[in-house]
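Engineer: compute the structure for the input listed below.
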Amino acid sequence: MSASKVSRRLTQGMAPELLEHIYRPRLAGELVAAFPYLSALNQAHLAMLARQGILAPATAGRIAAALLRMESEGPGAIEPDPALEDAYFNVEARLIALTDADTGGRLHIGRSRNDLSAALDRLRARDTLLDLLEAANALRHTLLERGAGFAEVVMPGYTHLQPAQPITFGFYLTGLASALQRDAARLVDAWKRVNLSPMGAAALATTGFPIDRVYTAELLGFEGVLEHGLDCVASRDFAVELTAAAAQMALTLSRFAQDMFVFVSHEFGAVEFPDSVCGTSSIMPQKKNPVVLEHLKAKAAHVAAAFGSAAGCIRGSHFTNTLDAHREGLSMVWPGLLEARRALALAGIAAATVEPNAPLLLARARANHSTATDLADLLVRRGAMDFRTAHHVAGAVVRMLMDRGLGAHEATLEMVEAATQQEAGRASGLTAAEVAEALDPVRSVASRQVVGGPAPAEVRRMAAAMTAVLAGDEARAAGWREMLAAAAAARTAAVRGLAEAA
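Structural biologist: Coordinates of the predicted model:
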């Protein structure tokens, strides 16, 4: 077996089993995914080394020209060699081929794969976080806009999947937007822990070269330096936190999908989706299957599994740079976060295209006894009755109606009087008009004007308030994009300046 391609300490080449089962499959996807981040890291580090006088101007200029060429060529110009272990060594080999060992090999002064990989993971997590936040913001916008539009579409609200109290379809959609607002807030809050630079930590004990960690961080768009060298290379908590936030968001989306999956069934018939988000059967001509919802429901499992995988791998690792924590530990994170992004896209099209069956929903709210609480409340207000007794009276009325196969809208004053005598031993003190009004789901919804209630005006007020929060989150994301673009421009200008000056 020939000697290692990357170390003179190792006298043997990579075992075929490691090449086949670790490095070759990892490198296949890693080189493409990591290349833009390695390019940014190489350029920022070069600019810093030149500025600090650690590299001679001529050497820095040759490296700069090679890095700019590599960036324009892209990863396709690199012939992947798994014997070089990873994307970094493959990129370095290309740099040395374009310059020479004495020139290209100097770029690694004052750094290690340890701080490089930590920085690369942070750059990738940062981009992913922004993508997720922007997609979540777009979904929130859809839910809030459509929620306000459906603020008067009365429907039964459900608990335990049984009729509970009347709400509106707009109340339901804005409820989802409220939950997603917190999901987005978790992403926003994670940003300040993700966007810190570990560059300069080197292997773990920093370096004896007079590097400028702050300047490197600025060129990479990091908003600060993670100071402690060991913590820099040992920790991937930012990735675990991001995956946890994405998993929670995916849970919210999955629950929305589950509700719609039931509501769109033939038996419920509460909502409808267009053919464009549905599939069919190879044998049953009548089938219209809500495939968008089925896939959306399942995405949450993939994201949760990614979180579990990362936590499980990191759990038993030492607090330093280790491959079980940082390579195996994050191997499912990136696919899992991609699944979260896909879930947001699927939820977006589902939320944008769902149409409630308003007449059917109102008819069900009239008939399915979801206004029974309103009758109990009326007995408390008008009949000077304690709520528990009123609850029993209303329950007895529901029982009478069900025994006769009647809906709530068919209740009579005589039924209420009979139930009141049975449960309280006295008259109810109500009129037939009051009973009919109490059991009207439209009036029930309209009466719930307290903060957070389903009254149309309150739903629209909440939608407006959440839209204002959303505008802040959108502005924040746009500001971060602008900051990163400015850092990239400064980095490119610095490297081009070195190349032109050589």
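
Engineer: separation between residue 337 and residue 65?
Structural biologist: With distances taken as CB to CB, to the nearest Å, residue 337 is found 35 Å from residue 65. For glycine as for every other residue, the C-beta is placed from the backbone atoms N, C-alpha and C.

Engineer: can you pull out the strands in the stretch 201-350 of the chain?
Structural biologist: With DSSP state E, counting those that start in this stretch as the criterion, the stretch 201-350 of the chain has strands at 271-272.

Engineer: what sits against the nearest residue to residue 375 once chain neighbours are set aside?
Structural biologist: Leaving aside its chain neighbours, residue 375 sits nearest to residue 394 (4.5 Å; criterion: CB to CB, 6 or more residues apart in numbering). For residue 394, the contacting residues are 372, 373, 375, 376, 379, 419, by CB atoms under 8 Å, 6 or more residues apart in numbering.

Engineer: quick one: secondary structure of residue 394?
Structural biologist: Under DSSP: H, G, I helix; E, B strand; the rest coil, the three-state class of residue 394 is helix.

Engineer: and the pLDDT at it?
Structural biologist: The model reports residue 394 with a pLDDT of 96.

Engineer: equivalent analysis for residue 150, please.
Structural biologist: 99.

Engineer: with the one 5 residues further on instead?
Structural biologist: On the pLDDT scale, residue 155 is placed at 98.

Engineer: also residue 500?
Structural biologist: The predicted local confidence for residue 500 is 96.

Engineer: and this protein, what are its domain boundaries?
Structural biologist: Residue ranges for the domains of the chain, per automatic domain parsing: 16-109, 114-151+170-356, 372-439.

Engineer: make a markdown table out of the ones you listed and add distance to residue 460.
Structural biologist: Shown next, in a markdown table, are the domains of the chain (distance: least, CB to CB, whole Å):
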| stretch | distance to residue 460 |
| --- | --- |
| domain 16-109 | 44 |
| domain 114-151+170-356 | 5 |
| domain 372-439 | 22 |
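
Engineer: by mean pLDDT, show me the worst of those.
Structural biologist: Across the domains of the chain, domain 16-109 gives the lowest mean pLDDT, at a mean of 91.

Engineer: in this protein, which helix is the longest?
Structural biologist: Longest helix in the chain by number of residues (criterion: DSSP state H): helix 456-501.

Engineer: how far is it from where the chain is centred?
Structural biologist: Chain-centre distance of helix 456-501: 17 Å, with CA atoms, centre = their mean, to the nearest Å.

Engineer: and the nearest residue to residue 319 once chain neighbours are set aside, how many neighbours?
Structural biologist: Of all residues not flanking residue 319 in the chain, residue 234 sits nearest, at 4.8 Å (CB to CB, 6+ apart). Residue 234 has 23 neighbouring residues, counting by other CB atoms under 10 Å.

Engineer: cool, and residue 224?
Structural biologist: The tally of other residues near residue 224 (other CB under 10 Å) stands at 12.

Engineer: for it, which residues are in contact?
Structural biologist: Taking CB under 8 Å, 6+ apart, we find residue 224 in contact with 195, 196, 197, 217.

Engineer: of these, which pair is most distant in space?
Structural biologist: Pairwise distances across the contacts of residue 224 peak at 9.4 Å for 195 and 217 (criterion: CB to CB).

Engineer: overlap in contacts, those two.
Structural biologist: Joint contacts of residue 195 and residue 217 (CB under 8 Å, 6+ apart) are 223, 224.

Engineer: kindly confirm my reading that residue 156 is in a strand.
Structural biologist: Yes: counting by three-state DSSP, residue 156 is part of a strand.

Engineer: hang on, isn't it packed against residue 370?
Structural biologist: Yes: if you go by CB atoms under 8 Å, residue 156 and residue 370 touch, sitting 4.7 Å apart.

Engineer: for residue 340, which non-adjacent residue is closest in space?
Structural biologist: The nearest residue in space to residue 340 (CB to CB, 6+ apart) is residue 246, at 3.9 Å.

Engineer: check contacts around the one you found.
Structural biologist: Shown in contact with residue 246 (CB under 8 Å, 6+ apart): 132, 303, 307, 336, 337, 340.

Engineer: helix, strand or coil for the closest residue to the fifth one other than its chain neighbours?
Structural biologist: Across the structure, with CB to CB, 6+ apart as the measure, the residue nearest residue 337 apart from its sequence neighbours is residue 128 (4.9 Å). Taking three-state DSSP as the rule, one finds residue 128 in the helix state.
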